[in-house]
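> Structure here, sequence nowhere to be found:
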């Protein structure tokens with residue numbers, strides 16, 4: 001009898017073991033949980049002011065391996081970090097593997113009168129982390145050139161030059177219309193990463209004749225060149241002459257985490273026990289290796305890493321009466337609408353501001369100029385910081401078919417389709 005009981009206990013213990021050494025060692029989970037599973041496990045949903053969304057998590061059973069976080073309670077306020085690192089997390093998005101983190105600074109001290117070359121590099125704090133493609137390397141200083149390249153491949157990513165004029169007012173006027181993606185900048189320049197990188201190197205060179213002191217004098221010209229990785233930067237002339245850039249002018253950098261337990265979607269989908277993408281989601285290959293998940297266009301686009309995270313939206317062809325169909329001079333035809341019960345799905349909801357401006361939300365805010373479902377277009381202009389708009393018009397195309405209507409997007413514009 002004792003032997004039978006012992007054997008039964010051993011079997012139960014084996015059945016309760018995690019499915020891999022990674023899960024056992026770090027407390028991560030490789031199966032796809034539901035929102036209810038995480039709630040039952042008591043997984044924290046916040047750390048201070050930062051909301052936490054799976055696959056990120058704190059504590060055993062609350063995160064996918066590689067996505068562990070820690071909440072520092074010893075500071076005056078709670079702060080969120082990547083586990084076992086000093087990389088702070090400012091913000092996470094639902095269903096996203098990207099996160100906001102403080103700008104990454106590099107200090108370069110240039111010796112006066114010397115044409116020295118400085119080599120520097122950055123590597124991700126843990127495996128799987130990458131600098132997001134929409135992040136830039138910014139350089140603040142006078143008379144310098146910077147060359148950015150892949151750390152492992154030495155393939156060039158970009159270059160820029162920062163020069164200074166002897167007339168401060170002229171510099172300020174030049175910067176008033178300066179596009180920071182430009183190759184040459186006045187007092188600062190930047191290099192747009194354009195790709196996801198887990199490491200990079202850069203070279204800083206002093207330019208001959210690139211430093212022109214105000215009024216022909218050397219006074220106040222700094223020898224320190226400020227280099228930092230950030231999402232964006234609001235240049236101020238004072239940043240050139242101060243010992244460090246004012247953090248109020250720098251916006252958080254964007255980093256991302258890749259699922260690396262399999263090298264590609266093809267291999268990940270063959271191993272169902274550890275596949276990360278939930279129902280109604282698609283797998284996306286990452287060029288550097290690994291993969292991520294994305295909800296399909298006909299879903300609520302909530303969280304592709306949960307079982308129930310990408311729920312299909314119900315198309316509503318039955319409208320309530322009395323729907324408002326004008327916003328100023330802009331006609332609002334179905335499937336678009338302004339009020340609940342007047343649009344086909346949430347993706348077709350428009351907002352009419354108090355100034356009678358029609359706003360369309362699709363990962364960014366757009367001002368709607370005209371809608372014609374029959375002719376197949378929606379003319380919009382992207383807002384800048386929620387005010388004003390640029391001159392580029394994007395077009396929505398309509399494709400006929402069977403089933404519900406959905407909205408997608410690509411680099412050239414928006415697309416309506418029926419599937």
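Nice, I can see it. Model, not experiment: these values are computed from the prediction.
> contacts, neighbours, all on C-alpha from now
Fine.
> how is this protein carved up into domains?
Domains of the chain are assigned by automatic domain parsing as 19-101, 104-256, 326-418.
> Mind checking the pLDDT average for the shortest one?
It refers to domain 19-101. Average pLDDT, domain 19-101: 86.
> next one: that domain to chain centre, how far?
Offset of domain 19-101 from its chain centre (C-alpha atoms, centre = their mean, to the nearest Å): 17 Å.
> what's the answer for the second one, then?
Shown here is domain 104-256, whose average C-alpha point lies 21 Å from the average C-alpha point of the whole chain (C-alpha atoms, centre = their mean).
> Pull up the distance across it, start to finish.
Terminal residues of domain 104-256 lie 14 Å apart, using C-alpha to C-alpha, to the nearest Å.
> Distance to residue 268 and mean neighbour count for the domains of the chain - can I get that in a markdown table?
Shown next, in a markdown table, are these (distance: least, C-alpha to C-alpha, whole Å; neighbours: other C-alpha atoms under 10 Å):
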| stretch | distance to residue 268 | mean neighbour count |
| --- | --- | --- |
| domain 19-101 | 12 | 18 |
| domain 104-256 | 16 | 18 |
| domain 326-418 | 26 | 16 |
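> I'd like to know which of those domains lies nearest to residue 267.
Closest approach to residue 267 among those is made by domain 19-101 (14.9 Å; C-alpha to C-alpha).
> quick revisit: what's the closest of the domains of the chain to residue 286?
Nearest to residue 286, of all the domains of the chain, is domain 104-256, at 8.8 Å by C-alpha to C-alpha.
> follow-up on the earlier one: could you export the domains of the chain as TSV, including distance to residue 266?
As requested, the domains of the chain are exported to TSV (distance: least, C-alpha to C-alpha, whole Å):
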stretch	distance to residue 266
domain 19-101	17
domain 104-256	18
domain 326-418	24
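> what about those domains, which gets the closest to residue 272?
The closest of these to residue 272 is domain 19-101. By C-alpha to C-alpha, the value is 8.6 Å.
> sorry, back to before: for the domains of the chain, which has the smallest mean pLDDT value?
domain 326-418 has the lowest average pLDDT among the domains of the chain, namely a mean of 61.
> Can you show me the strands along the stretch 301-419 of the chain?
Secondary structure of the stretch 301-419 of the chain (DSSP state E, counting those that start in this stretch): strands at 326-327, 330-331, 350-352, 358-361, 365-372, 377-384, 387-389, 396-399, 405-410, 413-418.
> ditto for the stretch 1-150 of the chain
Listed in chain order, the strands of the stretch 1-150 of the chain (DSSP E, counting those that start in this stretch) span 46-47, 50-51, 69-72, 79-82, 88-89, 91-92, 98-101, 104-109, 117-123, 129-131, 136-140, 144-150.
> closest one to residue 233 among those strands?
Checking those against residue 233 by C-alpha to C-alpha gives strand 136-140 as the closest, at 7.7 Å.
> Just checking: what are the partner strands of the closest one?
According to DSSP bridges, strand 136-140 forms sheet pairs with strand 188-192 (antiparallel), strand 224-230 (antiparallel).
> To residue 91, which of these lies closest?
Closest to residue 91 of the strands paired with strand 136-140, according to C-alpha to C-alpha: strand 224-230, at 14.3 Å.
> Please enumerate residues in contact with the following helix or strand past the closest one?
Note on strand 224-230: by DSSP states H and E, the next helix or strand toward the C-terminus is strand 232-233. Residues outside strand 232-233 that contact it (C-alpha atoms under 8 Å, 6 or more residues apart in numbering): 135, 136, 138, 249, 250, 251, 252, 253.
> try 10 Å this time
The contact list for strand 232-233 (C-alpha atoms under 10 Å, 6 or more residues apart in numbering) reads 103, 134-138, 180, 188, 190, 247-253.
> what are the pairing partners of that strand, and which direction each?
Applying DSSP bridges to the sheet, strand 232-233 is found paired with strand 250-251 (antiparallel).
> any residues touching the partner strand, and which ones?
The contact list for strand 250-251 (C-alpha under 10 Å, 6+ apart) reads 100-103, 138, 228-235.
> Is it possible to get CSV of those residues that adds distance to residue 308?
Output for the contacts of strand 250-251, formatted as CSV (distance: C-alpha to C-alpha, whole Å):
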residue, distance to residue 308
100, 26
101, 28
102, 32
103, 34
138, 41
228, 39
229, 36
230, 34
231, 32
232, 35
233, 38
234, 41
235, 44
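> hang on, the earlier thing: want to try JSON lines for the strands paired with strand 136-140, with distance to residue 156 as columns?
Formatted as JSON lines, the strands paired with strand 136-140 follow (distance: least, C-alpha to C-alpha, whole Å):
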{"stretch": "strand 188-192", "distance to residue 156": "11"}
{"stretch": "strand 224-230", "distance to residue 156": "17"}
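> Of the ones you listed, which is nearest residue 129?
Distance to residue 129, taken as C-alpha to C-alpha, is lowest for strand 224-230 among the strands paired with strand 136-140, at 14.7 Å.
> got the angle for the closest one vs strand 144-150?
40 degrees (axes from the mean of the first three to the mean of the last three C-alpha atoms, to 10 degrees).
> Phi first, then psi, for residue 173.
phi -70, psi -40 (degrees, to the nearest 10).
> again with residue 266
Residue 266 adopts backbone torsions of phi -60, psi -50, taken as degrees, to the nearest 10.
> Return the residues in contact with it.
Per C-alpha under 10 Å, 6+ apart, neighbours of residue 266: 283, 284, 285, 291.
> got a winner among the residues you listed for most neighbours?
Comparing those by number of neighbours (other C-alpha atoms under 10 Å), residue 291 comes first, having 23 neighbours.
> Okay then, goodbye and thanks.
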